[in-house]
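Colleague: My questions concern the predicted model and sequence given below.
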Amino acid sequence: MKVLEVENLRAYYEKALILRDVSVDVGKRETVAILGPNGAGKTTLLKSIVGLVKTEGKIKFNGEDLTGLKPHERIRKGISICQEGRRLFPDMTIEDNLRLGAARKDCDDELEFVYSIFPELKKRRNHIAKMASGGEQQMAAIGRALMAKPKLLLMDEPSMGLAPIAIWRIRDAIKKIQKETETQILIVEQNIRLAFDLADRVNILIKGEIVERGTADSLKSLEKRYFELL
Ligand SMILES: Nc1ncnc2c1ncn2[C@@H]1O[C@H](COP(=O)(O)OP(=O)(O)OP(=O)(O)O)[C@@H](O)[C@H]1O
Ligand SMILES: [Mg+2]
């Protein structure tokens, strides 16, 4: 059974159709990437999965239909989202931001795990979030999503606005998450290298439609095709 199954999903803002019959799934221990340019509908797809957007079609999590469930109910089932633009509480410390992501009050073990992935954050635990660098803020946003020990981690452009060296640091951390947890990951990205480095499968989303899909063996040719499709 797949962990996530999205079938013929349509999403609307008012009357505008943004996602056109999008189907995508994530299997056990898999990382799946959605690669697409600005405005393709990547954020809309992740928001749809957590119930923040009006949709038609099917979204199943561990075989269970999520239709009609509120965002907090979906999150309680084990879905975490690391949103576009980090969305930290700027005047709270890094550690208090992390604690907000936990599903329970006593979350010292989760905190230690996040610090093992991001030792940088441990050093800065008492700094207020807005003083942290862009890379550290992204680490904190990912760390906060991990605090709930999700079964499915949704990541919205973790590379956004970061210098290459910070992007590669984030990539290595995500690889560690893949190795050390049982979390499935659905990542949406514009950074083609990051998407292909991390994912078992890549789907190309353009103007609300999945136009190409590839597995590990076809990734190289898919990478070439992506630039042709843009
Ligand atoms: N709240 C909204 N109301 C109306 N239209 C919206 C809203 N949010 C996004 N859109 C439109 O939906 C389309 C898809 O937007 P979305 O944010 O999902 O794209 P994206 O792939 O995440 O882009 P980016 O890479 O810039 O983050 C765009 O045309 C955008 O203008
Ligand atoms: Mg987006």
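Modeller: Received, thanks. Ligands and ions are numbered 1, 2, ... in the order given.

Colleague: Tell me the residue of this structure that sits nearest ligand 2?
Modeller: When distances are taken as Cβ to the ion, the chain reaches nearest to ligand 2 at T43, 3.2 Å away. For glycine as for every other residue, the C-beta is placed from the backbone atoms N, C-alpha and C.

Colleague: if I've got this straight, that residue is in a helix?
Modeller: Yes: the assignment for T43 by DSSP: H, G, I helix; E, B strand; the rest coil puts it in a helix.

Colleague: contacting residues around it?
Modeller: 84, 156, 188 (Cβ atoms under 8 Å, 6 or more residues apart in numbering).

Colleague: Turn these into JSON lines, columns for distance to ligand 1, neighbour count and pLDDT.
Modeller: Below are the contacts of T43 laid out as JSON lines (distance: Cβ to the nearest ligand atom, whole Å; neighbours: other Cβ atoms under 10 Å; pLDDT from 0 to 100):
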{"residue": "E84", "distance to ligand 1": "6", "neighbour count": "17", "pLDDT": "92"}
{"residue": "D156", "distance to ligand 1": "7", "neighbour count": "23", "pLDDT": "98"}
{"residue": "V188", "distance to ligand 1": "7", "neighbour count": "25", "pLDDT": "98"}
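
Colleague: Adding secondary structure, write those residues out as JSON lines.
Modeller: As requested, the contacts of T43 are exported to JSON lines (three-state DSSP):
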{"residue": "E84", "secondary structure": "coil"}
{"residue": "D156", "secondary structure": "strand"}
{"residue": "V188", "secondary structure": "strand"}
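
Colleague: packing partners for the helix or strand D109 falls within?
Modeller: In this assignment (DSSP states H and E), D109 forms part of helix 108-117. Using 3 or more Cβ pairs under 8 Å, 6 or more residues apart in numbering; DSSP states H and E as the contact test, the elements touching helix 108-117 are helix 94-100, helix 119-123, helix 134-146, helix 164-180.

Colleague: Give me the neighbour count for E95.
Modeller: As a burial measure, the neighbour count of E95 was computed by other Cβ atoms under 10 Å and equals 20.

Colleague: To clarify, my last question referred to Q83.
Modeller: Summarising burial for Q83: neighbours were counted as other Cβ under 10 Å, giving 18.

Colleague: now it: how far from L46?
Modeller: 8 Å (Cβ to Cβ, to the nearest Å).

Colleague: now swap in L186 and tell me
Modeller: With distances defined as Cβ to Cβ, the gap from L186 to L46 amounts to 7 Å.

Colleague: hey, what's in contact with both of these two?
Modeller: By Cβ under 8 Å, 6+ apart, the residues touching both L186 and L46 are L154.

Colleague: more crowded one of these two?
Modeller: Taking L186 and L46 together and counting by other Cβ under 10 Å, L186 has the greater number of neighbours (27 against 24).

Colleague: Could you pull out the buried residues of the one helix or strand in the chain whose mean pLDDT sits lowest?
Modeller: Counting by mean pLDDT, DSSP states H and E, the weakest-scoring helix or strand in the chain turns out to be helix 219-229, with a mean of 83. For helix 219-229, a neighbour-count test (16 or more other Cβ atoms under 10 Å) marks 219, 222-223, 226 as buried.

Colleague: what's that helix in contact with?
Modeller: Under the criterion Cβ under 8 Å, 6+ apart, residues 35, 192, 196, 202, 204, 206, 211-212, 214 lie in contact with helix 219-229.

Colleague: The closest residue to K207 other than its chain neighbours: helix or strand, and which one exactly?
Modeller: Counting by Cβ to Cβ, 6 or more residues apart in numbering, A40 is the residue found nearest to K207 once chain neighbours are left out, at 6.5 Å. Using DSSP H and E, A40 falls within no helix or strand.
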